[in-house]
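Student: return a 3D structure for these sequence lines:
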Amino acid sequence: MRKKAAVIGSFDGVHLGHAAVLSTLRNEAEARNLEPIAISFDRHPLSLIDPSRAPEAITSLQKKEELIRKAGVSPVILPFDENLRATTAADWIRFLKDSFDMELLVVGYDTTFGSDGLSYSISGYRNLGKENGIEVIEAPFVAGISSSAIRKAVAEGMVEHAAEMLGRNFQLNGIVVGGNRLGRTIGFPTANLLPAPGIVIPANGVYAARAILTDGKHIGAMVNIGTRPTIMRGDDRTVEAHLIGWEGDLYGKNLTLAFVSRLRDEIRFNSIDALRRQLEEDRLNTGQTLENMGK
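Tutor: Numbering: from 1, shown residues only. You can find the predicted model right below:
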């Protein structure tokens, strides 16, 4: 079994800051003939430590693993339970050495691990590593990018800003479920997405997006997120995607929406005709936006 080089972190979103860490890990591992691995968790630590403060995720666990692999690193997902929560930094280092025969640990500027991790600086981790035959090096710092900032941008509808930090469009995945079919009667049939639980959802509004089907096909989509105030009464939020120029049955199928740009707020219209006219304009704006952005 090859000796390992590792990073440790939640890696929510696998954003450009994470990409810098993973790139450093991959390059340093290659130079030392080590296998690069990214050790992460099956849930955010706060979901156990303080559930009321646990953030919604930017990506699902499956997507996180996929993105880490695309970076040329093997993901290792550990269950974050009470035993792991109680593990000290020193015990973490010994665990990594014993379980993975690790020789190199790459850390970011804000890396912390272990129940006492907040008391450690990078030099402290270096000293722990030295005691166990593990070299500890620091990855380059990418300013202005964090999972918290991306989460906030998405929740506020600033999907273009989120894309700048992610290095790709924010995606929302889920299953298409049945709706009231009113969109079909006014010429705008929609796929009603039931998002994967625990993922942050963009703010209410209308967006230009790409719908990604299970066969990998990309289709321009006009997406409305909100309570549909013109036709509904209540606070239930829906995610509805009108796939431009596409016909077919998506019920029960998986669908991914890649958000490109926010077009406008969700508003209440005085009539269905006024709503239809606005939707026609939204569809035109969606097509132009996707064309202009090369999406």
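
Student: can we go C-alpha only for contacts and neighbour counts from here?
Tutor: Noted.

Student: what strand or helix carries E28?
Tutor: For E28, the element it lies in under DSSP states H and E is helix 16-32.

Student: quick one: the strands in the protein?
Tutor: 4-8, 35-41, 74-78, 102-107, 135-138, 170-177, 191-195, 205-212, 218-226, 238-243, 254-264 (DSSP state E).

Student: redo the ones you listed as TSV? Include mean pLDDT.
Tutor: Output for these, formatted as TSV (pLDDT from 0 to 100):
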stretch	mean pLDDT
strand 4-8	96
strand 35-41	96
strand 74-78	97
strand 102-107	95
strand 135-138	95
strand 170-177	96
strand 191-195	94
strand 205-212	97
strand 218-226	95
strand 238-243	94
strand 254-264	97
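
Student: just to revisit the earlier point, quick one: the helix holding E28 to strand 35-41, angle?
Tutor: Helix 16-32 runs at 150 degrees relative to strand 35-41, counting by axes from the mean of the first three to the mean of the last three C-alpha atoms, to 10 degrees.

Student: which residues touch the closest residue to F80 other than its chain neighbours?
Tutor: Distances taken as C-alpha to C-alpha, 6 or more residues apart in numbering put F41 closest to F80, at 5.8 Å, once the chain neighbours are dropped. Neighbour list for F41: 9-10, 77-80 [criterion: C-alpha atoms under 8 Å, 6 or more residues apart in numbering].

Student: which of those sit farthest apart?
Tutor: G9 and P79 (12.8 Å; C-alpha to C-alpha).

Student: which of these two has more neighbours?
Tutor: With other C-alpha atoms under 10 Å as the criterion, G9 and P79 differ in neighbour count, and G9 comes out ahead with 17 against 12.

Student: just give the nearest non-adjacent residue to the more buried one, would you?
Tutor: S40 is the one closest to G9 (C-alpha to C-alpha, 6+ apart), at 5.3 Å.

Student: pretty sure that neighbour sits against F11.
Tutor: Yes. Using C-alpha atoms under 8 Å, S40 makes contact with F11 at a distance of 7.0 Å.

Student: show me which of these two is the more surrounded one.
Tutor: Taking neighbours as other C-alpha under 10 Å, S40 and F11 compare with F11 leading, 25 against 22.

Student: okay, how far is it across stretch 249-258, tip to tip?
Tutor: End-to-end distance for stretch 249-258, by C-alpha to C-alpha, to the nearest Å: 20 Å.

Student: show me what contacts the closest residue to V136 other than its chain neighbours?
Tutor: Closest residue in space to V136, ignoring its immediate chain neighbours: L105 at 4.8 Å, by C-alpha to C-alpha, 6+ apart. Counting by C-alpha under 8 Å, 6+ apart, L105 touches 5-7, 134-137.

Student: neighbour-wise, which of those residues leads?
Tutor: A5 (29 neighbours).

Student: mind listing the residues bridging to that residue?
Tutor: Beta bridges link A5 to P36, L104 when assigned by DSSP bridges.

Student: my guess is it meets L104, correct?
Tutor: Yes. Assessed by C-alpha under 8 Å, A5 is found in contact with L104 at 4.5 Å.

Student: identify the contacts common to the two.
Tutor: A29.

Student: re the thing from before, out of the contacts of L105, who's nearest I225?
Tutor: V7 (36.6 Å).

Student: can you name the residues that contact that closest one?
Tutor: Applying C-alpha under 8 Å, 6+ apart, we find V7 in contact with 21-22, 25, 37-39, 105-107.

Student: kindly report the same for L104.
Tutor: L104 makes contact with 4-6, 29, 134-137, according to C-alpha under 8 Å, 6+ apart.

Student: quick one: G198 and A54 touch, right?
Tutor: No. Using C-alpha under 8 Å, G198 is not in contact with A54; the gap is 10.0 Å.
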